[in-house]
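S.K.: here is a sequence together with a model predicted from it:
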Amino acid sequence: VTLTLTVDPHVSDEQLIAIANDLRPFGRLLLRINHEATGNWFSFNKRCTYQEVADFYCRFNKILKEHAPNVSTILCIGGIEDLNKKEIEKEAEFSQAVKETDIWSVDKYMALHWGWPYDVAERGGTSHSRSKVKDIYNMTKRSFERFKEINGGVTKPMVMSEFNADGDVTGPYDQAAMVKEFCDMLKADGESWFSGFTFYQFRDRGRLGLEIQDPNYADCGIEQPVMKTYKEIIHDDFFKPAMTRGDEVTLPCTLRWGGSEDAEGLEIPLHFEKNPHFCEVTFDDDSNIMMEINGKWFYKSPEAKTIDLMAAFFEKPLEGEADLTLRLFAPPASGENDLSIEDGLMNSYTEIKKLPNIRIRFEPVEL
């Protein structure tokens with residue numbers, strides 16, 4: 001889980017300690033503090049100098065390390081914004097923060113309409129921009145390289161906490177094409193320097209989202225072409241998280257959840273004669289479970305009993321006989337770890353006493 005928090009740099013240590021204590025139970029969180037800190041559009045920049053903002057970051061980071069070591073900090077600043085320059089934005093002010101943070105980050109939009117919602121982006125306007133994908137890629141990589149130099153040659157994870165191309169500028173088709181082009185460059189790059197990006201965002205009132213908000217139904221979205229492109233990207237083997245198969249276990253067993261990139265789960269092998277007409281799992285307990293089959297993830301809340309897995313076969317139907325694996329993971333239902341156990345700051349544990357009932361049928365109930 002990644003949280004973004006904007007804070008007045010004048011708040012007291014006591015207030016920051018209270019925030020840290022609030023975050024202690026929630027496991028391995030990522031905290032982006034005062035994001036886009038070298039810009040001028042957030043209130044914390046209007047109340048303080050850039051040096052004061054940078055010093056505050058280091059102060060808050062130190063407090064978190066003492067009171068909430070489960071939290072990793074993300075420094076989100078302007079990196080290399082001009083390929084003709086070597087230094088990052090406000091380098092003198094933020095060099096110490098670059099050294100002390102856990103994760104480096106830049107926000108990059110390959111196209112952006114910052115005038116939304118006050119105007120409409122039209123050719124010749126001054127409230128939007130569009131860059132070449134290659135330039136954005138190179139600026140991001142150059143930012144990582146400069147962060148590394150500032151940090152004495154030692155690397156840290158490099159992310160883009162906000163990444164996209166704004167459909168207000170590009171339209172829906174070029175938006176998808178630009179996202180794909182950037183990810184294709186990551187795949188083709190022989191150097192392993194990048195840890196991940198956060199696609200900004202899932203649903204948007206403008207045209208940034210995988211969906212745009214339905215103007216008639218605020219809780220509903222209208223899928224954009226970039227949704228299909230993004231699905232293809234996250235299902236590409238290059239971008240998939242690694243899973244290592246362990247030893248066979250007997251029930252009851254205990255599953256450890258450290259986070260979405262460090263967890264222990266169960267695998268249940270399933271044989272399919274052909275594409276199913278029914279595929280569902282039924283639990284008789286109040287467990288909190290994440291499940292994956294055929295490349296699609298499902299969630300079972302403590303209140304839910306039966307989860308229909310057929311959606312895993314709508315876009316990827318089986319073309320014949322197949323052996324698949326159902327994977328189960330158990331994050332804490334409330335999102336909070338048990339701090340009374342020895343490693344409760346970092347891990348949560350769930351006992352699995354029995355497997356769910358799995359119902360698979362290969363034809364309609366009645367023909």
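M.R.: Right, received. Where do you want to start?
S.K.: for stretch 360-367, measure first residue to last.
M.R.: 17 Å (Cα to Cα, to the nearest Å).
S.K.: ok now that stretch, how far from the chain's centre?
M.R.: On the basis of Cα atoms, centre = their mean, to the nearest Å, stretch 360-367 sits 38 Å off its chain's mean C-alpha point.
S.K.: what does it contact?
M.R.: Stretch 360-367 is contacted from outside by L270, F272, E273, K274, N275, P276, H277, F278, C279, using Cβ atoms under 8 Å, 6 or more residues apart in numbering. Yep, even glycine has a C-beta here, placed from its N, CA and C like the rest.
S.K.: if you set the cut-off to 6 Å instead, what comes out?
M.R.: Stretch 360-367 is contacted by residues E273, K274, P276, H277, F278, C279 when judged by Cβ atoms under 6 Å, 6 or more residues apart in numbering.
S.K.: how many other residues sit next to the third one?
M.R.: The local packing of P276 (other Cβ atoms under 10 Å) involves 20 other residues.
S.K.: residue contacts, it?
M.R.: I360, F362.
S.K.: switch to 8 Å and redo it
M.R.: Counted by Cβ under 8 Å, 6+ apart, P276 has contacts M310, F313, L318, I360, R361, F362.
S.K.: what helix or strand does the nearest residue to the first one once chain neighbours are set aside sit in?
M.R.: What that stands for is M310. In this structure, M310 finds its nearest non-sequential neighbour in C279, 5.4 Å apart by Cβ to Cβ, 6 or more residues apart in numbering. Using DSSP states H and E, C279 maps to strand 278-282.
S.K.: before we move on, what about Q175?
M.R.: Here Q175 is assigned to helix 167-188, by DSSP H and E.
S.K.: output that helix as PDB, restricted to C-alpha atoms.
M.R.: What follows is helix 167-188, C-alpha atoms only, in PDB (Å, rounded to 0.1, in the frame of the first residue of the first chain):
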ATOM      1  CA  GLY A 167      -6.000  11.600 -23.000                       C
ATOM      2  CA  ASP A 168      -7.100  15.200 -22.800                       C
ATOM      3  CA  VAL A 169      -4.100  16.000 -25.000                       C
ATOM      4  CA  THR A 170      -3.500  12.700 -26.900                       C
ATOM      5  CA  GLY A 171      -6.900  11.300 -27.300                       C
ATOM      6  CA  PRO A 172      -7.700   7.700 -26.200                       C
ATOM      7  CA  TYR A 173      -5.600   5.900 -28.900                       C
ATOM      8  CA  ASP A 174      -2.300   7.700 -28.500                       C
ATOM      9  CA  GLN A 175      -2.600   7.500 -24.800                       C
ATOM     10  CA  ALA A 176      -2.600   3.800 -25.000                       C
ATOM     11  CA  ALA A 177       0.200   3.800 -27.600                       C
ATOM     12  CA  MET A 178       2.400   6.000 -25.400                       C
ATOM     13  CA  VAL A 179       2.000   3.900 -22.300                       C
ATOM     14  CA  LYS A 180       2.900   0.800 -24.400                       C
ATOM     15  CA  GLU A 181       5.900   2.400 -26.000                       C
ATOM     16  CA  PHE A 182       7.300   3.400 -22.500                       C
ATOM     17  CA  CYS A 183       6.900  -0.200 -21.200                       C
ATOM     18  CA  ASP A 184       8.400  -1.600 -24.400                       C
ATOM     19  CA  MET A 185      11.500   0.500 -23.700                       C
ATOM     20  CA  LEU A 186      11.700  -0.900 -20.200                       C
ATOM     21  CA  LYS A 187      11.600  -4.400 -21.600                       C
ATOM     22  CA  ALA A 188      14.300  -3.600 -24.300                       C
END
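S.K.: thanks a lot, catch you later.
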